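Participant: What follows is a predicted structure for the sequence shown.
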Amino acid sequence: MKYQKMLQDNKIQCEICPRKCILKEGQEGFCRVRKNTGAKITLTTYGYNTGLAIDPIEKKPLYQFYPNTPILSFGTLGCNMDCQFCQNWKTTKNKSANFILNKTTPEEIVTIAKNYNCKSVAFTYNDPVIFFEYAVDTAKLCRQNGIKTVAVTSGFINPEPAKEFFGVMDGANIDLKGFSEEFYKKNCHAHLKPVLESIKYAVNETDCWVELTTMLIKGENDSAQMIKAECEWILNNLGDEVPLHFSAFFPNYKFMNHPSTDFETLDNARKIALDTGLKYVYTGNLANIETSSTYCPNCRKPVIVRNSYSLLEYNLKNGKCLFCGTECAGKFDY
């Protein structure tokens, strides 16, 4: 098996993510779904999911990846992070319990996507890094059938599996949770550097279209200094065309006493990002036409007008601005 190392006393080290869990026989990893079954690590949720849903692509969020197309979305259980503010904690913190899940093979997912005319399939709701084999097998089969695939991930993955993972994905939204090691250690029980390395690899070394999301939490990761540092890192390491979404936090899991993020916080972060030189910056999950729309990087006229996840106006032809002819970064059908 790939991405595992056999050790003494029937122990196996999982090498999918930076945790590198060392598992005794019968033991599950930090993620709760990768288990030492004797001679190998088995993904206990392979072929199982918490349900299938058809979403607008903008909900992932991906704003410059085949806009206004339907995407078939699913996830499983578990996670390899421990975010104290998790918005999906009822599934990410759930131990393996396949009897409560739906069983759907990669072949069936492809068939469902075709039957409902979905342009893409998304691995989302929990991190597909931990259901690596299920996600990769499904992505390969989707590609063979002309269906795009999208990973919604925190990017907490080791370099070698990252090559295979992002190599089979057509798009990804990577969650950059905050821009300090202290924030990651305190609030996610994880580390920032592996995430940054994954983002650099996916953007610079693959054909996968990448957008980034940072959910802002008051008093934790919303300082102007931290946001400025994040935007400068993006500009210097990824370029100015990677879209960045600032989304609002709502009290959940162990952060019930933290306030919801107001629109002003998102808007201020967006202004910092634009002033830093990033071309495509959005506010997410708080509806606002101005800050949800895509603007031509040259003439600054709106080329895609949105109200939340709804597309109101489309001023691109073959990915170029109808007003001045400048190409807009992204993946477009028309």
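Facilitator: Looks like it came in fine.
Participant: so what's Gly26 closest to, chain neighbours aside?
Facilitator: Take Gly26 and drop its neighbours on the chain: the residue closest to it by C-beta to C-beta, 6 or more residues apart in numbering is Asn36, 6.4 Å away. From N, CA and C alone the C-beta is placed, and that goes for glycine too.
Participant: Ile12: neighbouring residues, count only.
Facilitator: As a burial measure, Ile12 scores 25 neighbours (other C-beta atoms under 10 Å).
Participant: Just to check, it is in contact with Gln4?
Facilitator: Yes - the criterion here is C-beta atoms under 8 Å, and Ile12 meets it with Gln4 at 5.4 Å.
Participant: shared neighbours of these two, anything?
Facilitator: Lys40, Ile41 (C-beta atoms under 8 Å, 6 or more residues apart in numbering).
Participant: How many residues are close by the residue nearest to Gly26?
Facilitator: 23.
Participant: For the stretch 201-334 of the chain, which segments are assigned as helices?
Facilitator: 224-237, 263-276, 289-292 (DSSP state H, counting those that start in this stretch).
Participant: rewinding a little: the residue nearest to Gly26: what's it in contact with?
Facilitator: Residues in contact with Asn36 (C-beta under 8 Å, 6+ apart) are Asn10, Lys11, Ile12, Leu23, Lys24, Glu25, Gly26, Gln27, Thr42.
Participant: For Met81, see how far away it is.
Facilitator: 21 Å (C-beta to C-beta, to the nearest Å).
Participant: before we move on, what about Lys60?
Facilitator: 18 Å.
Participant: ditto for Lys254
Facilitator: In terms of C-beta to C-beta, Lys254 sits 13 Å off from Met81.
Participant: what about these two, which has more around it?
Facilitator: Met81 (26 against 14).
Participant: Surely the more buried one is in contact with Asn187?
Facilitator: No - using C-beta under 8 Å, Met81 is not in contact with Asn187, being 9.5 Å away.
Participant: hmm, back to that, could I get the contacts of Asn36 as JSON lines with secondary structure?
Facilitator: Output for these, formatted as JSON lines (DSSP: H, G, I helix; E, B strand; the rest coil):
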{"residue": "Asn10", "secondary structure": "helix"}
{"residue": "Lys11", "secondary structure": "coil"}
{"residue": "Ile12", "secondary structure": "strand"}
{"residue": "Leu23", "secondary structure": "strand"}
{"residue": "Lys24", "secondary structure": "coil"}
{"residue": "Glu25", "secondary structure": "coil"}
{"residue": "Gly26", "secondary structure": "coil"}
{"residue": "Gln27", "secondary structure": "coil"}
{"residue": "Thr42", "secondary structure": "strand"}
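Participant: Format the helices of the stretch 201-334 of the chain as TSV; extra columns: distance to Phe132 and mean pLDDT.
Facilitator: Shown next, in TSV, are the helices of the stretch 201-334 of the chain (distance: least, C-beta to C-beta, whole Å; pLDDT from 0 to 100):
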stretch	distance to Phe132	mean pLDDT
helix 224-237	25	98
helix 263-276	31	98
helix 289-292	32	96
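Participant: Can you say which of those is nearest to Tyr46?
Facilitator: For those, distance to Tyr46 was read as C-beta to C-beta. The smallest value, 34.3 Å, belongs to helix 224-237.
Participant: Let me see the contact set for Leu312.
Facilitator: Ile289, Val305, Arg306.
Participant: which of those are buried?
Facilitator: For those, a neighbour count by 16 or more other C-beta atoms under 10 Å gives the buried set as Val305, Arg306.
Participant: And the strands in the stretch 51-200 of the chain?
Facilitator: 53-56, 70-74, 102-103, 120-123, 148-153, 171-175 (DSSP state E, counting those that start in this stretch).
Participant: Over to the stretch 201-334 of the chain?
Facilitator: So, for the stretch 201-334 of the chain - with DSSP E, counting those that start in this stretch - the strands run 209-216, 244-248, 281-284, 294-295, 302-307, 310-314, 316-317, 320-321.
Participant: Using a markdown table, lay out those strands together with mean pLDDT and distance to Asp333.
Facilitator: Formatted as a markdown table, the strands of the stretch 201-334 of the chain follow (pLDDT from 0 to 100; distance: least, C-beta to C-beta, whole Å):
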| stretch | mean pLDDT | distance to Asp333 |
| --- | --- | --- |
| strand 209-216 | 98 | 13 |
| strand 244-248 | 97 | 22 |
| strand 281-284 | 94 | 21 |
| strand 294-295 | 98 | 15 |
| strand 302-307 | 96 | 13 |
| strand 310-314 | 95 | 11 |
| strand 316-317 | 98 | 10 |
| strand 320-321 | 98 | 13 |
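Participant: Could I get those strands in CSV, plus columns for distance to Gly47?
Facilitator: Formatted as CSV, those follow (distance: least, C-beta to C-beta, whole Å):
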stretch, distance to Gly47
strand 209-216, 27
strand 244-248, 31
strand 281-284, 31
strand 294-295, 37
strand 302-307, 35
strand 310-314, 34
strand 316-317, 39
strand 320-321, 42
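Participant: of those strands, which approaches Val121 most closely?
Facilitator: strand 209-216 (14.8 Å).
Participant: Tell me, how many residues neighbour Lys271?
Facilitator: As a burial measure, Lys271 scores 14 neighbours (other C-beta under 10 Å).
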